[in-house]
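[1] generate a structure from the sequence data that follows.
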Amino acid sequence: MIARFKDLCMDAADPRSLAGFWAHVLDGSVADAGAEDRRVDRGPGGAGPESIWVNQVPEPRVGKTRVHLDLRLADDEPTALLAAGARLVREPDAEVDWWVLADPEGNQFCVFAPGEGTRPGPFELVVDSADPLAQARWWAGVVGGTVETSDEGHASVVGAAGFPWDDWIFDPVPERKRVKNRVHWDVDLTGPDATALISAGATLLREPDADIGWWVLADPEGNEFCAFAPRPVG
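    Numbers count the residues shown, from 1 in each chain. Coordinates of the predicted model:
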């Protein structure tokens with residue numbers, strides 16, 4: 001294991017507004033994260049694996065949402081989410097039994113009706129992939145866990161270190177990644193730097209410098225993620 005899952009990050013034109021929406025959706029709270037950035041926390045403990053950092057960026061959103069959360073509803077319909085500002089993209093039909101919604105900045109996510117023994121809130125992180133099995137195996141090599149496959153062609157990592165939801169799913173899509181992801185995840189390194197990640201096949205995009213204290217990397221299919229060195233003890 002090279003790293004542990006740390007949290008999610010979202011690019012935003014208006015972090016305050018977007019964080020407010022996701023805090024409402026996740027029954028969380030909004031914290032100031034410096035400058036115009038915000039952080040959405042679930043529970044009283046502050047920042048943690050279920051947190052979403054909402055960071056201001058100058059560029060507008062373009063292209064498809066390739067990383068998204070799947071949510072389980074408390075009610076039979078997503079009426080409350082639509083009232084909070086979500087936009088309906090697709091209703092359940094003959095092919096899918098869930099709703100596809102978009103947040104106020106156009107980031108799509110899926111919501112599912114409640115089932116027996118389920119609880120409302122996020123339960124999966126889904127990543128579009130050209131080769132789901134290869135992606136799942138690579139990330140399991142980084143953060144631990146086991147790889148499971150399905151008849152539908154997706155592969156998932158179960159039991160990854162630090163991962164707060166049930167499944168980390170890599171879903172087959174025909175199109176390849178072409179633009180920067182508006183949603184990405186962070187990891188906490190087990191070693192002092194990103195050398196082991198790069199040796200495993202990650203691409204280094206940016207090293208720590210005067211402006212940031214972490215490494216920016218990309219996985220084998222180009223999904224950006226940030227890696228943080230262990231905090232000093234004492």
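
[2] show me where pLDDT drops low in the protein?
    Within the chain, the set of residues satisfying pLDDT under 70 comprises 233-234.

[3] repeat that for 90
    Low-confidence regions of the chain, defined here as pLDDT under 90, cover residues 34-35, 42-49, 62-65, 115-118, 176, 231-234.

[4] ranges for the helices of it?
    Residue ranges of the helices in the chain, as given by DSSP state H, are 15-26, 79-84, 132-143, 195-200.

[5] which residues sit against the last one?
    So that's helix 195-200. With contact meaning C-beta atoms under 8 Å, 6 or more residues apart in numbering, helix 195-200 is reached by Ile2, Ala3, Trp138, Gly141, Val142, Leu189, Leu204, Trp215, Leu217, Ala227. For glycine as for every other residue, the C-beta is placed from the backbone atoms N, C-alpha and C.

[6] can you tell me the closest non-neighbouring residue to the fifth one?
    With sequence-adjacent residues excluded and distances taken as C-beta to C-beta, 6 or more residues apart in numbering, Val142 is closest to Ile2, at 4.9 Å.

[7] count the neighbours of that neighbour for me.
    For Ile2, the tally of surrounding residues (other C-beta atoms under 10 Å) stands at 20.

[8] residues contacting Lys6?
    When contacts are taken as C-beta under 8 Å, 6+ apart, Lys6 is in contact with Pro49, Gly162, Trp185, Asp186, Val187, Asp188, Phe228.

[9] residue contacts, the nearest residue to it once chain neighbours are set aside?
    Taking C-beta to C-beta, 6+ apart, and ignoring the residues beside it in sequence, Lys6 has Asp186 as its nearest neighbour in space, at 4.0 Å. For Asp186, the set of contacting residues under the criterion of C-beta under 8 Å, 6+ apart consists of Phe5, Lys6, Asp7, Leu8, Cys9, Trp53, Trp214, Phe225, Cys226, Ala227, Phe228.

[10] out of those, flag the one nearest to Leu88.
    For Leu88, the nearest member of the contacts of Asp186 is Leu8. The distance, counting by C-beta to C-beta, is 23.0 Å.

[11] which residues touch that closest one?
    With contacts defined as C-beta under 8 Å, 6+ apart, the neighbours of Leu8 are Ser51, Ile52, Trp53, Leu69, Leu125, Val183, His184, Trp185, Asp186.

[12] what do you get if the cut-off is 6 Å, keeping everything else the same?
    Leu8 makes contact with Ile52, Trp185 under the criterion C-beta atoms under 6 Å, 6 or more residues apart in numbering.

[13] go on, Glu91?
    Counting by C-beta under 6 Å, 6+ apart, the residues that Glu91 touches are Trp99.

[14] what's the distance between Gly121 and Glu50?
    When C-beta to C-beta, to the nearest Å is applied, the distance between Gly121 and Glu50 equals 9 Å.
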